[in-house]
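Enquirer: Predicted structure and sequence below. I'll ask about it afterward.
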Amino acid sequence: MSPPRPCRIAPSLLSADFARLGEEVRAVIAAGADLVHFDVMDNHYVPNLTIGPLVCEAIRPHSSVPIDVHLMVEPVDRIVPDFAKAGATFITFHPEASRHVDRTIGLIRESGCRPGLVFNPATPLAWLDHTIDKLDMVLLMSVNPGFGGQSFLPHVLPKLEEARRRVDAARARTGREILLEVDGGVKIDNIAAIAKAGADTFVAGSAVFGAKDYRATIAAMRAAVAAA
Ligand code: DX5
Ligand code: ZN
């Protein structure tokens, strides 16, 4: 029997209280978060505006876990070194937002961070054909990017199964671990189905920060994944 797949919970700061961000980061880590998901929106690639490298740098001393920077910006390359300096661990980007995807992946790696590609609901996994061996993360969006609190799009589940096959095949070939993350509308009541379809890393914004008890929510998510 193969060992159980890991279950990493990555609360998205998008739904945290921005006036108390350091405190929120510490609270969610104390409650069991494995990663902190950091949503960067530019009001250009997506119709919303959030936080940048200065805020990443400000929360870094509050975080004892990896910071998972999700870039929803266009262009991508200019801002990558800034996030590396600001303490990002993972940097993921949308391939449509970069003119030269291979170059951007290389830039993230050279900056000392772990690169990942993000797939919108309608973006084909074919972008993995010539990139997967250079990636540390594959992130499937289960909402259209730009806002927290949207509903999970169920047609992403079969796509997730296909992504799992590709990630496992790459791992069998190279031995490298690639995280398979899902982002958007992840809740206690659908996380089991998402885990079954192949995800090992789960972004949850409103489900965690909208709850009174972060610890109970993260524990319930982990229990649902374990039972799946
Ligand atoms: C959406 C962001 C998500 C968002 C998820 O564009 O990338 O990370 O915060 O929020 P929920 O979990 O509320 O859907
Ligand atoms: Zn995100």
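Expert: Sure, I can see it. Ligands and ions are numbered 1, 2, ... in the order given.

Enquirer: Can you name the residue of this protein nearest to ligand 2?
Expert: Scanning the chain for proximity to ligand 2 using C-beta to the ion identifies residue 70 as nearest, at 3.8 Å. C-beta: built from backbone N, CA, C; applies to glycine.

Enquirer: got the contact list for that residue?
Expert: Contacts of residue 70 were listed using C-beta atoms under 8 Å, 6 or more residues apart in numbering, and they are 37, 38, 39, 40, 92, 118, 139, 183, 203.

Enquirer: repeat for residue 184
Expert: Taking C-beta under 8 Å, 6+ apart as the contact definition, residue 184 lies against 141, 142, 143, 145, 150, 152, 153, 203.

Enquirer: which residue ranges form the strands in the chain?
Expert: 8-11, 36-41, 67-72, 90-93, 114-119, 137-141, 179-183, 201-204 (DSSP state E).

Enquirer: State the distance from residue 118 to residue 44.
Expert: When distance is defined by C-beta to C-beta, to the nearest Å, residue 118 is 16 Å away from residue 44.

Enquirer: should've said residue 121
Expert: When C-beta to C-beta is applied, the distance between residue 121 and residue 44 equals 20 Å.

Enquirer: Which one's more surrounded, these two?
Expert: Remark: of residue 121 and residue 44, residue 121 carries more neighbours, 15 against 12, as counted by other C-beta atoms under 10 Å.

Enquirer: if we look at the longest helix that the chain contains, which residues are touching it?
Expert: The helix spanning the most residues in the chain, taking DSSP state H as the definition, is helix 156-174. Here helix 156-174 makes contact (C-beta under 8 Å, 6+ apart) with 119, 121, 125, 128, 132-133, 138, 140-142, 176-178, 180, 182, 193-194, 197-199.

Enquirer: out of the strands of the chain, deepest packed?
Expert: Mean neighbours per residue, mean count of other C-beta atoms under 10 Å, is largest over the strands of the chain for strand 90-93, with a mean of 28.

Enquirer: how about the residues of the protein that lie near ligand 1?
Expert: In this structure, the chain approaches ligand 1 at residues 12, 14-15, 37, 39, 70, 143, 145-146, 148-150, 183-186, 203-207, judged by C-beta under 6 Å from any ligand atom.

Enquirer: Where do the helices of the protein begin and end?
Expert: All helices of the chain, identified by DSSP H, fall at 21-30, 53-59, 80-85, 101-110, 156-174, 191-196, 206-209, 214-227.
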